[in-house]
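A.B. asks: give the three-dimensional model of this entry:
(chains A, B, C and D)
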Number of protein chains: 4
Amino acid sequence: DLPLTIIAGPCQLESADHAQMIAGTLKEACDTAGAQFVFKGSFDKANRTSVNAAPALGLEKGLAVLQSVKESIGVPVTTDVHEKEQCAPVAEVCDILQIPAFLCRQTALLKAAGATGATVNVKKGQFLAPWDMVNVASKIESTGNTNIMLTERGVSFGYNRLVVDPQSLPEMARTGYPVIMDATHTVAQPGGLGGSSGGQREFAPIMARSAVAIGVAGVFMETHQDPDNAPCDGPNMIYLDQMPDLIKSLMDFDRLAKANPIFI
Amino acid sequence: DLPLTIIAGPCQLESADHAQMIAGTLKEACDTAGAQFVFKGSFDKANRTSVNAAPALGLEKGLAVLQSVKESIGVPVTTDVHEKEQCAPVAEVCDILQIPAFLCRQTALLKAAGATGATVNVKKGQFLAPWDMVNVASKIESTGNTNIMLTERGVSFGYNRLVVDPQSLPEMARTGYPVIMDATHTVAQPGGLGGSSGGQREFAPIMARSAVAIGVAGVFMETHQDPDNAPCDGPNMIYLDQMPDLIKSLMDFDRLAKANPIFI
Amino acid sequence: DLPLTIIAGPCQLESADHAQMIAGTLKEACDTAGAQFVFKGSFDKANRTSVNAAPALGLEKGLAVLQSVKESIGVPVTTDVHEKEQCAPVAEVCDILQIPAFLCRQTALLKAAGATGATVNVKKGQFLAPWDMVNVASKIESTGNTNIMLTERGVSFGYNRLVVDPQSLPEMARTGYPVIMDATHTVAQPGGLGGSSGGQREFAPIMARSAVAIGVAGVFMETHQDPDNAPCDGPNMIYLDQMPDLIKSLMDFDRLAKANPIFI
Amino acid sequence: DLPLTIIAGPCQLESADHAQMIAGTLKEACDTAGAQFVFKGSFDKANRTSVNAAPALGLEKGLAVLQSVKESIGVPVTTDVHEKEQCAPVAEVCDILQIPAFLCRQTALLKAAGATGATVNVKKGQFLAPWDMVNVASKIESTGNTNIMLTERGVSFGYNRLVVDPQSLPEMARTGYPVIMDATHTVAQPGGLGGSSGGQREFAPIMARSAVAIGVAGVFMETHQDPDNAPCDGPNMIYLDQMPDLIKSLMDFDRLAKANPIFI
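C.D. replies: Reported below is the predicted structural model:
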């Protein structure tokens, strides 16, 4: 029954200035609308479609950028980890460690993330049933850490396409952990452009709103001031200048949903 | 931007008294909440899982029941047609002819339904992409009839399970025709009980609300005062006494959605 | 353990001459290779993607063509029925009545087909689990007719694509009825070309061979001397002049499979 | 056109004696049948369903077991790697490094495996289209290593189930690299038993044979003398004492397939 949390930022961290610009814009929009806000940015893209994808900042520079956002904008930050050795250093900066969907069953990574004591946000694998996330959560719980979030980002539906199963949200909520809807990756079309992923950006607000209406704890969205020229995930990122109105609208639905609880 | 239409009733028509009782309850609930209402009931279940399923009223008796509902409760009525010969007699009583999902590509049936001049509500086949409904609609349009509605009732997702793709709603809306969410069949599990279909009734309100939030024209729901003893579709029908609160809640979301249009 | 049956012919019947030409070519190829042969051709295409598809011969002319093939070439013939009224007249000419996949759960059609006493070959719906075909078969059995064949033609896999599940063949064989692999429709891409279906003709022999290797009773294939100019299903029909070599090769695998039974 | 390669062994390495017993049995069976043989065993199960799964030998002890098999039985060996640091030590013992399906897009792991110069066998992700494996292969090729094998192990089909798409085999063969069919994981039911995976062992030979018939380079199978008491993957492993007959039968189909090439 807490207000909606918006987890948002660019797909890939570009620079401290860029991250702060986006974080500042989003922080103001969330404050205005009454939403909570967590800034997200990736220091590495470990599973890009193509080996020729744009290079990322890397761990050290990426964490410095996240630290600068944390200090200058005053918001919690999160990033995704891909190897167990990354968990401890990332947890020194980040409030939430994100486990990528492809890696959601890698026991060593989940345990290393859990052992940091930070909140662990696991994206449900494209190959996983929502009720199987209880086994994923228990790997983290085995470290004594129960600060867990579970994110829906779509399930494989034929080739080069994901589908969001609305039933997955209440299924995952049965674990008792907060459920997040990833509104932009769910409209991606993996490998849909041959050497990179396609997407239908215009449907991301639909994904966000339909999930907020049934009471999710948060919405994850990637955003950029110029998606078509962003280093990754351009086809499904939302234009930054559309985010304030979108967040305001989502909060209207969040208030109505939280006043009319349906599954959480 | 019209208020939400609720298309509801029992899966299978049982008797005039039973139909009027349900229609009366729903009419009052819709009037109170400000929703439009269409009564639905089937005179035949032409594609039941098992040959041993409970028998239905048949065309003649079924139409008499629908006529009695129309007159006594004063609401539009709809039923599903399975053979082209049924279209004309059904259209004499019903305001809307419903084409079952399995039959959504049967050209002769679509043309016969269109030729009646009644509104034709086609359920999207479990095997069909939402963008392919434009071809379905054009079969009806070929008769000069453009009173068409398109209903989402889930798409095949592995065996014995359907998934609702939220993206299918805006995709179908691109046709310009009203889009309806079938909130109860989408939580059915076809053949999931061996000789009959299973279902998760508790998720039907979630399906309804998530669709209303993004602005659908209507919601289709099957309901019964005693679903577990109903002649069909028990596992996914909603308890009749829960319908008034559900409809009221959906109308709250409908007003917010229509004031914040997102795709229609 | 009988030799493989080839059920083949053009998608749509065009004329008596055309049908006899194709049937003659296939009969000779099957005789040479040691295969059984049934000629197939459709008199109507009741569920084409588009209302603008090429018209078909219709019931009366179509049956006359099938009768001419039966007499002049001396082979059993089969066609698909779409309405219950078609079953009796079709059964006067055809040895096997084929139930289209979309209609595989229409009780009235299955009963009418069963009541003719002819063999009924049901194509498994794109939306159906293989183990649910036992319910389909029992609808036919309820007429006292146990001359039943079950055909795999692919299951919905995302949008605009089918996948053949090799496990469906032994699953359906558990009914005790002969199992047929439809090697050409399984490589179709329904609606894949917008107003018509796409397909990958080059993969049809792969589908046929992989099924023959595990012991199916028959293979269904559509063929044409000029697929790209055929009135329907061109993208997935096999060139007629490639059929003799294909049938010969399939018989080599059939003999090896029948000598090494694996599930039938 | 080389004889079929059998890649086989227990899911999880248990001891040197156990590994040698299985490797010896399989080596003899392959020699007798004329097949090539590679022994496979895992030193770690990095993505088990449950955190409570049986522990594995670990890298050091596992490699010692593989080394003992290599020396005493005289066969090439392979195992799966999960972290980039494991690639170099594993390549000192193993002829083939196997990349798990969940990790098939992890760029750093693919590059580390490629850099060893060993053959890299990538299992296609349950979430990946077969034509997207060309991007996976190019990540390995970027290290100058073109000793690549691509393995089909099924694609997500709804929840808790995989399906093998026979078309994926010729699609992957278009890369020019050898294509392997994993006949036992494809009949697994991921998470199908709640805390572990289910499976249908009886269908594994069907998967193997249908793939061999169309000309794959190899078949991957897990086997155990007592699957129901094995530390993992029991429901889908093949009984060791059934392997010699199965291999002999597969070689009959391999010879026929290689004499009648259909796609490779």
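A.B. asks: contacts, neighbours, all on C-alpha from now
C.D. replies: Noted.
A.B. asks: so where's chain A shaky on pLDDT?
C.D. replies: Confidence mapping of chain A against pLDDT under 70 gives the ranges A:192-196, A:263-264.
A.B. asks: and if we set it to 90?
C.D. replies: Along chain A, segments meeting pLDDT under 90 span A:1, A:45-55, A:186-202, A:228-236, A:262-264.
A.B. asks: what residues does it put near chain B?
C.D. replies: Residues of chain A lying close to chain B (Cα under 8 Å from any Cα of the partner chain) are A:157, A:163-167, A:203, A:205-207, A:209-211, A:213-214, A:249, A:252-253, A:256, A:260, A:262.
A.B. asks: how about the helices in chain A?
C.D. replies: A:16-33, A:59-73, A:87-93, A:107-115, A:133-141, A:168-173, A:204-212, A:243-259 (DSSP state H).
A.B. asks: and those helices, which is most packed in?
C.D. replies: Compared across the helices of chain A, helix A:204-212 shows the largest average neighbour count, a mean of 26 (mean count of other Cα atoms under 10 Å in any protein chain shown).
A.B. asks: contacts for it, please.
C.D. replies: A:166, A:169, A:181-184, A:186-187, A:218-219, A:236, A:238, A:246, A:250, A:253-254, A:257, B:166-167, B:209-211, B:213-214, B:262 (Cα atoms under 8 Å, 6 or more residues apart in numbering or on different chains).
A.B. asks: so it versus helix B:243-259, what angle?
C.D. replies: Helix A:204-212 and helix B:243-259 meet at an angle of 150 degrees, taking axes from the mean of the first three to the mean of the last three Cα atoms, to 10 degrees as the criterion.
A.B. asks: then helix A:204-212 to CSV, C-alphas only?
C.D. replies: Taking Å, rounded to 0.1, in the frame of the first residue of the first chain, the C-alpha atoms of helix A:204-212 are listed here in CSV:
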residue,chain,number,x,y,z
ALA,A,204,5.4,0.5,-22.9
PRO,A,205,2.9,2.9,-21.2
ILE,A,206,0.2,0.3,-21.8
MET,A,207,2.3,-2.3,-20.0
ALA,A,208,3.0,0.0,-17.2
ARG,A,209,-0.6,1.2,-16.7
SER,A,210,-2.2,-2.3,-16.9
ALA,A,211,0.2,-3.5,-14.2
VAL,A,212,-0.3,-0.5,-11.9
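A.B. asks: that helix: how far from the chain's middle?
C.D. replies: 14 Å (Cα atoms, centre = their mean, to the nearest Å).
A.B. asks: stretch A:30-40: end-to-end distance?
C.D. replies: Stretch A:30-40 has an end-to-end distance of 14 Å (criterion: Cα to Cα, to the nearest Å).
A.B. asks: hmm, who's touching it?
C.D. replies: Stretch A:30-40 is contacted from outside by A:3-11, A:23, A:26-27, A:75-79, A:244, A:247-248, A:251, using Cα under 8 Å, 6+ apart.
A.B. asks: residue of the stretch 101-250 of chain A with the smallest distance to chain B?
C.D. replies: A:S210 (4.3 Å; Cα to the nearest Cα).
A.B. asks: so how far is B:M181 from that residue?
C.D. replies: Note on A:S210: its distance to B:M181, by Cα to Cα, is 13 Å.
A.B. asks: now swap in A:G9 and tell me
C.D. replies: Applying Cα to Cα, the value for A:G9 to B:M181 is 33 Å.
A.B. asks: over to A:I22?
C.D. replies: Plainly put, A:I22 is 37 Å away from B:M181 if you go by Cα to Cα.
A.B. asks: likewise A:Q36?
C.D. replies: Using Cα to Cα, we find A:Q36 at a distance of 31 Å from B:M181.
A.B. asks: what do you get for A:A213?
C.D. replies: Distance of A:A213 to B:M181, given as Cα to Cα: 15 Å.
A.B. asks: what of A:T223?
C.D. replies: A:T223 is 30 Å from B:M181, by Cα to Cα.
A.B. asks: comparing those two, which residue is more hemmed in?
C.D. replies: B:M181 (30 against 26; other Cα atoms under 10 Å in any protein chain shown).
A.B. asks: do I have it right that the more buried one meets B:F220?
C.D. replies: Yes: under the criterion of Cα atoms under 8 Å, B:M181 makes contact with B:F220 at 5.9 Å.
A.B. asks: which parts of the stretch 1-150 of chain A sit against chain C?
C.D. replies: Listed as neighbours of chain C in the stretch 1-150 of chain A under the rule Cα under 8 Å from any Cα: no residues.
A.B. asks: and for the stretch 151-264 of chain A?
C.D. replies: Checking the stretch 151-264 of chain A against chain C by Cα under 8 Å from any Cα, the hits are A:157-159, A:161.
A.B. asks: out of those residues, who's nearest chain C?
C.D. replies: Nearest member of those to chain C, counting by Cα to the nearest Cα, is A:G158, at 3.8 Å.
A.B. asks: that closest one - how many residues pack around it?
C.D. replies: A:G158, neighbours per other Cα under 10 Å, totals 25.
A.B. asks: check contacts around it.
C.D. replies: Going by Cα under 8 Å, 6+ apart, A:G158 touches C:157-159, C:161, D:156-157.
A.B. asks: which residues does A:V219 contact?
C.D. replies: Counting by Cα under 8 Å, 6+ apart, A:V219 makes contact with A:4-7, A:180-183, A:208, A:212.
A.B. asks: and with 7 Å instead?
C.D. replies: A:5-7, A:180-183, A:208 (Cα atoms under 7 Å, 6 or more residues apart in numbering or on different chains).
A.B. asks: then A:P130?
C.D. replies: By Cα under 7 Å, 6+ apart, the contact set of A:P130 is A:168, A:171-172.
A.B. asks: what does chain A have sitting close to chain D?
C.D. replies: A:46-51, A:102-103, A:105-108, A:126-129, A:132, A:135, A:139, A:156, A:159-160, A:191, A:195 (Cα under 7 Å from any Cα of the partner chain).
A.B. asks: repeat that for 8 Å
C.D. replies: So far as Cα under 8 Å from any Cα goes, chain A lies against chain D at A:46-51, A:83, A:102-103, A:105-108, A:126-129, A:132, A:135-136, A:138-139, A:142, A:156-160, A:191, A:194-195.
A.B. asks: buried subset of those residues as a ChimeraX selection?
C.D. replies: Selection of buried members from those for ChimeraX, criterion 16 or more other Cα atoms under 10 Å in any protein chain shown:
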select /A:46,47,48,49,50,51,83,102,103,105,106,107,108,126,127,128,129,132,135,136,138,139,156,157,158,159,160,191,195
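A.B. asks: which residue, other than its chain neighbours, is closest to A:P261?
C.D. replies: Here the nearest residue to A:P261 in space, its sequence neighbours aside, is A:G215; by Cα to Cα, 6 or more residues apart in numbering or on different chains that works out to 6.7 Å.
A.B. asks: one more: A:A29?
C.D. replies: Distance criterion Cα to Cα, 6+ apart; nearest residue to A:A29, sequence neighbours excluded, is A:P244 at 4.9 Å.
A.B. asks: any chance of a markdown table for the helices of chain A, columns distance to B:G176?
C.D. replies: Output for the helices of chain A, formatted as a markdown table (distance: least, Cα to Cα, whole Å):
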| stretch | distance to B:G176 |
| --- | --- |
| helix A:16-33 | 33 |
| helix A:59-73 | 44 |
| helix A:87-93 | 49 |
| helix A:107-115 | 47 |
| helix A:133-141 | 39 |
| helix A:168-173 | 30 |
| helix A:204-212 | 18 |
| helix A:243-259 | 24 |
